[in-house]
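Novice: sequence and computational prediction follow.
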Amino acid sequence: MATAAQTKFIRPDGKDKVTGLGRYTADLTMTGMLHACFRYADHAHARIRSIDTAKARALPGVFYVMTDKDVPDVRYGPFVEDRTLFARDVVRYEGEVVAAVAATTPEIAREAAALIDVDYEPLPVVSDVEAALADGAPLVHEGWSGYSASGDVVREGNDASRSTIVKGDVDAALASADAVVKERYVADMSHAVPIEPHAAIAQWQGDRVTVWSSTQVPYIARSGVATTLEIPEGHVRIIVPHLGGGFGGKCEFHYEAHVAALARATDRPVRLVFSRSEEFFAPDHRREGQVIELETGVMNDGTLVARRGRLILDNGAYSADAPFFPQLAAMHAVGPYRIPNVSVDASLAYTNTTPSGSVRAPTAPQACWAVEQHMDSVAASIGMDPVELRRRNILKEGDTTATNQVLEPIGAAETLERAVELIGYGKALPEDEAIGVGCGWWPSFGGPSGAFVKLNGDGSGTIITGAQECGTGAVMALPILVAEELGMRPEDFSILAQDTDAGGWDAGASGSQTTFNNGRAVIEAAREVRAQLLELAEEELEASREDIELVEGAARVKGSPTKSVPITTLADKAQGDRLLLGKGSGSPPPSPDVDASGCTGRLGMETFAAPTFITHAVRVRVDRETGVCRVLEVAASHDCGVILNPVGAEGQVEGGVVMGIGMATLEGSIVGEDGRQRNPHLLDYKLQTSADAPPISIAFVDAPSPYGGPKGSKGTGEPPCVPTPGAIGNAIAQVTGARVHQLPMTPERVWAAAHGVDA
Amino acid sequence: MTRGTYLEPASLDEALRLLAEHDGAALVAGGTDLVVGTRQGKRTLPETLVAIHRLPGLDGIAEEDGALAIGALATHDAIERSELVRGRWTALADASAIVGSPATRHVATLGGNLANASPAMETGAPLVVFGAEVELRGQGGSRTVPVEGLWAGPGRTTAAAGEMITGVRVPAPADGSGSAYVRLEYRRAMEIAVVGAAALVTIGAGAVSDARVALTAVAPTIVRSPAAEGALRGREPTAEAIAAAAAAVHDAATPISDVRGSDAYRRAMIEVMARRAIDVAARRAAGEAVPIPATMTVGGTR
Ligand SMILES: Cc1cc2nc3c(=O)[nH]c(=O)nc-3n(C[C@H](O)[C@H](O)[C@H](O)COP(=O)(O)OP(=O)(O)OC[C@H]3O[C@@H](n4cnc5c(N)ncnc54)[C@H](O)[C@@H]3O)c2cc1C
């Protein structure tokens, strides 16, 4: 493959970050800056009778107290316009912003926020998804039918988005199956938990505002500010300093407009920095809880014949980007298997809890955790080894999916074989250990993306991109692709990114799409520069461009290496009257055909473009007496197309595996009947620590995709999160003999299942 | 508006004087409870802080007249590494070695752990089984209380206003003793005990001549289990005898339900932890070198 495939590229921003020199949004200070603090709802569901801000305004040091009355009357939301910047009449979850204060210090702002008097009439709290969809349930949004929404969203009452996938005749196939297994699984809410909390600073110059924000999606944040404050998009500039991780938690437009409105009202720069607990309950981007019911028919030879599924996903109080989740979760409820008869029905229930949104591979780890445990149960029902059951049903080239997408060459089966081989499946183990296996899949997201490449007079280059670096290293690695086109070195390029006034539009650091789409954009931009260099070289070398190559920093005549001119010379010549400047967006790859006529609520997920396939095998030890389990070893095999940067890809897999272990064993929010999270802090929302991380061995399966990104690559950021919890669940069940039906599989739940106790 | 006074006395006497002079002043040593608790909104920061972490002479770990004398400012890291503690007061090393993370252990002190009076504190149960005494000093002089007498309830001590802990005196266990502390933890670092148990077992002529068992995070303070101790005395330390003793801890355990675990789970788990602690203590009494911290050998996250 291309030389890029061999490149082991170490990101240049790493040293600043680990030595504390990196500057994040919360590190920035502006002259005259004020500090913002929010007053949140005191109830998960209540009608606001009155808000009295007099005491807060009277506090010395307070510049402004803002409520719904101070901002334009605008509803917004990416699929359903169901929300406003500040609570209006009704609060629907504990983290809803009722008012905002700008004051000279964070302490004064906090004190003032607490002094705001809000009089509420409490309303019934809907905190359970099944109760939300029951007949006669109180509506979270009385006026839901009046909200404007994307026409493709199917909604009704508390069901904010419903999707179905139907293929064949499930009833008949279940009736004729040799065995039928029916199970129910419940996944709790969890979170992205980036190390850097949300932060934003706004500063106006005339009628234009600049917002420095810890967002993963600067262009979407720009639109959000423009829409909600009713100002032209061109008057809003979003700049993202170093971003301290996001994992989806910083996707969507969040608090940039609140801070901009406060800055405009006070004629001062205003900064907002979240505490760790706000990070849990306020932003509309937590990983949603799910109730998953699965029924599968199988023949004695292991052939899967039917899958019925009913899923209810927790939307929380407002619709962020979650309306496409039901369809995505339905695809995961089928999984990467050939199943001729499918009927999956998935709903998104409004509840009075923190809104859901994309968190690294949204819906997949939870749904896959249920499906992969279910697969082991199905295998047990016919006395077959669980790996063998997967082997007989896993998708292969030419198979059709539940939406009749015919698959391109894929490496799903190879990932299964490589993972079980790496972990030594079948080897003798101590009696308290077992190996569990899980398979999963994930689509790539093609879309428009913009970049410029310019060469400077000294022969160095600058990549100006709309892409956002969220910590994955994807933007940091763009120079590999550009350098290869121009016969230069990656370190010859600087990157100007994360400034909406500079780069071309990009969807942001979401959907594993930075390399996939922006990689294509920079290659196209570099090709324009390449053409410009060749034109200059034609004159210098008196040769035609077909005979000139760009290698090792020079343009030279093919076959006669002595006839060459350094690119620095060409760049110097071009300086002044000829710009060496290229632009690119590149058409997104075509979408594979599907026949989703049996589906309702279609929001694009019927197509799994350039799908990645993943198998994780884990070795787990369970302390039967306490239910504590420890993941001792993980083998991860991925088909994510052609690997462009092995260091980066391996980093994604390692991080995703550890995140998956956290989700499997400990990470979950406990929500009270009052709709409030009871553990919104890191002592009791337990992440994995470096002391917990096991050795991880990785095998990539190269299966270049015709629908893929540069050089046949596929998305790599999200897939590593997908199958780990399911694999761990299977290992636990093998040790204890009892399946855990609730995620996270905490020690108490493992213990309760193993000892037949209700937990 | 928060505006505080931060005082850094140069001597113990000055510290005691400042503490007496400033109403509502609080001591701060490592700050790992005080500052973190304030940030979490558990309490408001006291108006005056008297910082003692640099006071000289209060961080010693030494043998005095056969007992172990530890200064209030000894860090968990120093305690964990002390050969003296590891050798004869092993349960205390087991406890200090699992506090927080390496960074926590380098600043967090024994005095702070005791004074914070959390029912989930790590060093409490080991000090109880050893029969430790705490030295409290105020401007009027000093007094000594048994460690169990220090705690008045969760987060509350019997120290008078103006009194500070200066050190702990831990009697030496009799010859033929072994001790251990084990906690139930969900991950391998940065944890808090869900429940925990310490045991001191003395063996003479093949039978248990003395036993002490103390429990962590199952009552408002660290508590002893007389029933478990009684069940062990005079018995051969067999697996059955140890299991029977552990099953007796319910006399002292009155756990609550919270986000870390239900009362039913905690009740079941305290028995498991007590059994493991007694077992390791008995093995150590018999001369077996069970590695420190015992939690990493016999706990769920091993
Ligand atoms: C990340 C993290 C993990 C932790 N993990 C654990 C754990 O695993 N196990 C555990 O038991 N604890 C744990 N803790 C709690 C804490 O670290 C310990 O309790 C520590 O020993 C407290 O000591 P300190 O010196 O930091 O106390 P400080 O925070 O300085 O003080 C705590 C309290 O004691 C008072 N005080 C301090 N010194 C004295 C004195 N000499 N006399 C009288 N009063 C005094 C202070 O006024 C304050 O009220 C953890 C804390 C953190 C932040």
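Specialist: Structure's in. What do you need?

Novice: C-alpha only now, for contacts and for neighbours.
Specialist: Noted.

Novice: just give the nearest non-adjacent residue to A:R530, would you?
Specialist: With CA to CA, 6 or more residues apart in numbering or on different chains as the measure, A:L486 is the residue that lies nearest to A:R530, at 5.9 Å, once sequence neighbours are left out.

Novice: the one you found touches A:L550, doesn't it?
Specialist: Yes: the pair A:L486 / A:L550 is scored as a contact, 5.9 Å apart, by CA atoms under 8 Å.

Novice: contacts only, for the residue nearest to A:R530.
Specialist: The contact partners of A:L486, taken as CA atoms under 8 Å, 6 or more residues apart in numbering or on different chains, are A:A526, A:R527, A:V529, A:R530, A:L550, A:V551, A:G553.

Novice: next, format the residues you listed as JSON lines and append pLDDT, distance to A:L603 and secondary structure.
Specialist: Putting the contacts of A:L486 into JSON lines (pLDDT from 0 to 100; distance: CA to CA, whole Å; DSSP: H, G, I helix; E, B strand; the rest coil) gives the following:
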{"residue": "A:A526", "pLDDT": "97", "distance to A:L603": "34", "secondary structure": "helix"}
{"residue": "A:R527", "pLDDT": "97", "distance to A:L603": "34", "secondary structure": "helix"}
{"residue": "A:V529", "pLDDT": "98", "distance to A:L603": "38", "secondary structure": "helix"}
{"residue": "A:R530", "pLDDT": "98", "distance to A:L603": "39", "secondary structure": "helix"}
{"residue": "A:L550", "pLDDT": "97", "distance to A:L603": "44", "secondary structure": "strand"}
{"residue": "A:V551", "pLDDT": "95", "distance to A:L603": "45", "secondary structure": "strand"}
{"residue": "A:G553", "pLDDT": "96", "distance to A:L603": "47", "secondary structure": "coil"}
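
Novice: between those, which has the most around it?
Specialist: When neighbours are taken as other CA atoms under 10 Å in any protein chain shown, the top entry among these is A:A526 (29 neighbours).

Novice: point out where the chain drops to low pLDDT.
Specialist: Unless you meant another one, I'm taking chain A. Filtered on pLDDT under 70, chain A yields the residue ranges A:1-8, A:759.

Novice: that's the other chain; I wanted chain B
Specialist: For chain B, the ranges with pLDDT under 70 are B:1-2.

Novice: who in it is up against the ligand?
Specialist: Taking CA under 6 Å from any ligand atom as the test, the list of chain B residues beside the ligand reads B:26-34, B:36, B:72, B:98-100, B:104, B:108-113, B:115-116, B:121-122, B:164-166, B:190-192.

Novice: buried subset of those residues?
Specialist: When neighbours are counted using 16 or more other CA atoms under 10 Å in any protein chain shown, the residues of chain B next to the ligand contain these buried positions: B:26-34, B:72, B:98-100, B:104, B:108-113, B:115-116, B:121-122, B:164-166, B:190-192.

Novice: which ones among the residues you listed map onto helices?
Specialist: Among these, the subset assigned to helices under DSSP state H consists of B:L34, B:T104, B:L110, B:G111, B:G112, B:N113, B:A115, B:N116.

Novice: got the domain boundaries for the chain?
Specialist: With no chain named, the answer covers chain A. According to automatic domain parsing, chain A is divided into the following domains: A:33-123+A:198-273, A:290-445+A:595-754, A:451-584.

Novice: let me rephrase: I mean chain B.
Specialist: Split by automatic domain parsing, chain B gives B:5-51, B:61-170, B:178-288.

Novice: run a quick neighbour tally on the closest residue to the ligand within the stretch 651-759 of chain A.
Specialist: Shortest the stretch 651-759 of chain A-to-the ligand distance, computed as CA to the nearest ligand atom: residue-wise this is A:L683, at 8.1 Å. The number of residues packed near A:L683 is 12, by other CA under 10 Å.

Novice: which residue sits closest to it in space, ignoring its chain neighbours?
Specialist: B:E191 (7.5 Å).

Novice: my guess is that neighbour meets B:T104, correct?
Specialist: No: using CA under 8 Å as the test, B:E191 is too far from B:T104 to be in contact (11.1 Å).

Novice: neighbouring contacts of stretch A:527-543?
Specialist: A:453-455, A:485-486, A:544-545, A:548, A:555-557, A:563-565, A:567, A:570, A:574, A:580-583.

Novice: just the buried subset of those residues, please.
Specialist: Going by neighbour count (16+ other CA under 10 Å), those have A:453-455, A:485-486, A:545, A:548, A:555-557, A:564-565, A:567, A:570, A:574, A:580-583 buried.

Novice: before we move on, back to that, just put the ones in helices among the buried ones among the residues of chain B next to the ligand in TSV and tack on distance to B:R17.
Specialist: What follows is these, written out as TSV (distance: CA to CA, whole Å):
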residue	distance to B:R17
B:L34	21
B:T104	29
B:L110	22
B:G111	19
B:G112	19
B:N113	23
B:A115	19
B:N116	21
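
Novice: for A:P326, what are its contacts?
Specialist: Counting by CA under 8 Å, 6+ apart, the residues that A:P326 touches are A:S161, A:R162, A:S163, A:L311, A:I312, A:L313, A:A346, A:S347, A:L348.

Novice: at 7 Å what do you get?
Specialist: Counting by CA atoms under 7 Å, 6 or more residues apart in numbering or on different chains, A:P326 touches A:S161, A:R162, A:S163, A:A346, A:S347, A:L348.

Novice: narrow these to those in strands?
Specialist: When those are checked against strands using DSSP state E, the ones located there are A:S161, A:R162, A:S163, A:A346, A:S347, A:L348.

Novice: just the closest of these to the ligand, please.
Specialist: Comparing the ones in strands among the contacts of A:P326 against the ligand with CA to the nearest ligand atom picks out A:L348 as the nearest, at 37.4 Å.

Novice: what's the local residue count around the closest one?
Specialist: Burial of A:L348 is recorded as 31 neighbouring residues (other CA under 10 Å).

Novice: all set now, cheers.
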